[in-house]
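J.: Here you go, sequence then predicted model.
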Amino acid sequence: MRETKILLFLILAGFILSCTKQENPQIEAHGILDSTQIKISSKIPGRITEIYYEEGQRVKKGDLLFRIDCKDLELQLRQSEINLQISETQYKLIKKGARKEDIEQIRYSAEILKTNLEIAKNDFERARNLYAANAISKKALEDSELRVKVIEKQLEATNENLKKVSNISREEEIESARLKIESTKVAIEILKERISECDVFSPVDGVVTSRIFNTGEIINAGSTVYLITDNSRIFLKVYLKEKEVFKVKINDQARIRVDGIDREFPARVSYISDVAEFTPRNVYTKDERVKLVFMVKLIIENSDGLLKPGLPADALFPTLR
């Protein structure tokens, strides 16, 4: 009779225990807390003139971290601004064309040359008649002929110059001058943008975890000057077995426990790997390390800064599907 009561008690206890597990199902996994490290670099090369934060100091988004010497860029900007003024002046002159006084002066010179040419031709014709009558020498005749040819060349050159001055404001020349102005304006904008990049600001709130360069050192474009850790959002990578991973979905909620902190932290599943892998060595689990698992990443809000990268943590997924 006693043995029967014991057996019934064990069966009842097992039933209660199984019901409790069904009412509070959960998956438990383990990992190491980590955070996002941001590399702060300069887009332009140059010498660091000022550096404002040391390792361990907190920075806010928008804080000035360091400054690059940009005197050369400022001189180039000034030169480009002067070039723009010159280009705009030349454009106005070309668009306006030659002065009316200049054109009239050249036209007047051409009229005088035409008159002189008629006189020279009459003189040459008279010289030919005199030479035929043996009244003048051959050299006098040749000089008269040469004077006609010289005036003809002068008149030809003057007419070409008049034509050029009259057509100095051709559409192609005006457009070329306008495009030169636009090109200079673009160069100025590029230089202004590069000068603005001499000041490097923090893109996030965080803590300076490493400073690689010092004031006075010359860096290349893209060289990392600071490492800033964003502890406002900690993440945890855990590894679930195949039978567990299919019960967890993206955006599922979870609870995080950390030794030494008497509270739980809410977390959200942000990523589930599609590829199975062997459990990494740096993750401790209750089972053997040789089993295939799937990586699950959880985002943990850490606005109060209690959680620190490197701490071991437990993730509890309370809902099974």
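T.: Cool, the structure landed. Numbering: from 1, shown residues only.
J.: On the three-state scheme, residue 31 is what?
T.: strand (DSSP: H, G, I helix; E, B strand; the rest coil).
J.: you'd agree it is up against residue 238?
T.: Yes: if you go by CB atoms under 8 Å, residue 31 and residue 238 touch, sitting 4.3 Å apart. Using the backbone N, CA and C atoms, a C-beta is placed for each residue, glycine as well.
J.: who touches stretch 107-117?
T.: Applying CB atoms under 8 Å, 6 or more residues apart in numbering, the external contacts of stretch 107-117 come out as 148, 151-152, 154-155, 158-159, 162.
J.: re earlier: more neighbours, residue 31 and residue 238?
T.: residue 238 (27 against 24; other CB atoms under 10 Å).
J.: Setting aside sequence neighbours, what's the nearest residue to the more buried one?
T.: residue 29 (3.6 Å; CB to CB, 6 or more residues apart in numbering).
J.: Tell me which residues touch residue 218, please.
T.: Contacts of residue 218 (CB under 8 Å, 6+ apart): 45-48.
J.: Adding distance to residue 292 and secondary structure, write those residues out as CSV.
T.: As requested, the contacts of residue 218 are exported to CSV (distance: CB to CB, whole Å; DSSP: H, G, I helix; E, B strand; the rest coil):
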residue, distance to residue 292, secondary structure
45, 47, coil
46, 51, strand
47, 53, strand
48, 49, strand
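J.: rewinding a little: any idea what the residue nearest to residue 238 is bridged to?
T.: residue 315 (DSSP bridges).
J.: Can you verify my assumption that it contacts residue 312?
T.: No: judged on CB under 8 Å, residue 29 makes no contact with residue 312 at a distance of 11.7 Å.
J.: more crowded one of those two?
T.: residue 29 (25 against 14).
J.: contacting residues for the more buried one?
T.: Counted by CB under 8 Å, 6+ apart, residue 29 has contacts 238-240, 244, 285, 296, 314-315, 317.
J.: Give the rounded mean pLDDT of stretch 299-307.
T.: Mean pLDDT, stretch 299-307: 83.
J.: so residue 278 sits right up against residue 293, yeah?
T.: Yes: between residue 278 and residue 293 there is a contact under CB under 8 Å: 7.4 Å.
J.: Who has more neighbours out of the two?
T.: residue 293 (23 against 11).
J.: Backbone dihedrals for the more buried one, please?
T.: Main-chain dihedrals, residue 293, degrees, to the nearest 10: phi -140, psi 170.
J.: Would you quantify the distance from the nearest residue to it once chain neighbours are set aside to residue 246?
T.: Nearest in space to residue 293, with sequence neighbours left out and distances taken as CB to CB, 6+ apart, is residue 239 at 3.8 Å. Going from residue 239 to residue 246 by CB to CB, to the nearest Å gives 14 Å.
J.: neighbour-wise, which of those two wins?
T.: Neighbours were counted for residue 239 and for residue 246 using other CB under 10 Å; residue 239 has more, 24 against 12.
J.: Quick check: buried residues in the host helix or strand of the more buried one?
T.: Here residue 239, judged by DSSP states H and E, is contained in strand 224-240. Within strand 224-240, the residues that count as buried by 16 or more other CB atoms under 10 Å are 225-231, 234-240.
J.: Equivalent analysis for stretch 253-271, please.
T.: 254-258, 265, 267, 269.
J.: Now for residue 196, how many residues are close by?
T.: Going by other CB under 10 Å, the residues that sit close to residue 196 add up to 11.
J.: Look up how far residue 190 lies from it.
T.: 11 Å.
J.: so can I have TSV of the contacts of residue 218 showing neighbour count, distance to residue 171 and pLDDT?
T.: As requested, the contacts of residue 218 are exported to TSV (neighbours: other CB atoms under 10 Å; distance: CB to CB, whole Å; pLDDT from 0 to 100):
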residue	neighbour count	distance to residue 171	pLDDT
45	12	43	92
46	19	44	91
47	14	48	93
48	20	51	95
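J.: Verify the stated contact: residue 27 with residue 241.
T.: No: if you go by CB under 8 Å, residue 27 and residue 241 don't touch, sitting 9.1 Å apart.
J.: Return the per-residue confidence for residue 91.
T.: pLDDT at residue 91 comes out at 81.
J.: And the pLDDT for the most centrally placed residue in the chain?
T.: Nearest to the mean C-alpha position of the chain, by CA atoms, centre = their mean, lies residue 43 at 7.7 Å. Listed pLDDT for residue 43 reads 91.
J.: just residue 23 next, same as before
T.: Residue 23 is given a pLDDT of 47.
J.: what's the answer for residue 245, then?
T.: Confidence score, pLDDT, at residue 245: 83.
J.: sorry, back to before: more crowded one of residue 27 and residue 241?
T.: Taking neighbours as other CB under 10 Å, residue 27 and residue 241 compare with residue 27 leading, 20 against 17.
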